[in-house]
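Enquirer: structure here, sequence nowhere to be found:
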């Protein structure tokens, strides 16, 4: 279980650090919109704050679709990473991991031998 969780977390970290995945996702979405004859992906309309709350400081507004969805994409990856870490670090998951290691330990050597033979 630990190896699987580490693999998932490394995958999330890689997706977080590499711009390629975001660009590929955007290209796939654009192709699918064209294929299904849907309207192009656009930046959602920005709401204007009420004048009584508006201050002189300028707020950030994404200039294009990529900037807008980059923020959303990174929020999604960060949320998934945090949720996986929280789930794995719960007391029940830690107990399950120790139980798993106790049950697998006698067979670990046997599994390693089999995997070496298959190579």
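Expert: In hand now; what should we look at? Source: prediction; values computed, not measured.

Enquirer: tell me the gap between stretch 86-98 and the middle of its chain.
Expert: In terms of Cα atoms, centre = their mean, to the nearest Å, the centre of stretch 86-98 is set 21 Å apart from its chain centre.

Enquirer: so which residue is dead centre in this protein?
Expert: residue 77 (2.9 Å; Cα atoms, centre = their mean).

Enquirer: which parts of the helix or strand where it lies are buried?
Expert: Element membership for residue 77, per DSSP states H and E: helix 65-88. Within helix 65-88, the residues scored as buried using 16 or more other Cβ atoms under 10 Å are 65, 68, 69, 70, 73, 77, 80, 81, 88. Any C-beta I mention is one placed from the backbone N, CA and C, and that applies to glycine too.

Enquirer: now do the fifth one against residue 99, distance only.
Expert: Right, residue 73. Noted for residue 73: a distance of 37 Å to residue 99, by Cβ to Cβ, to the nearest Å.
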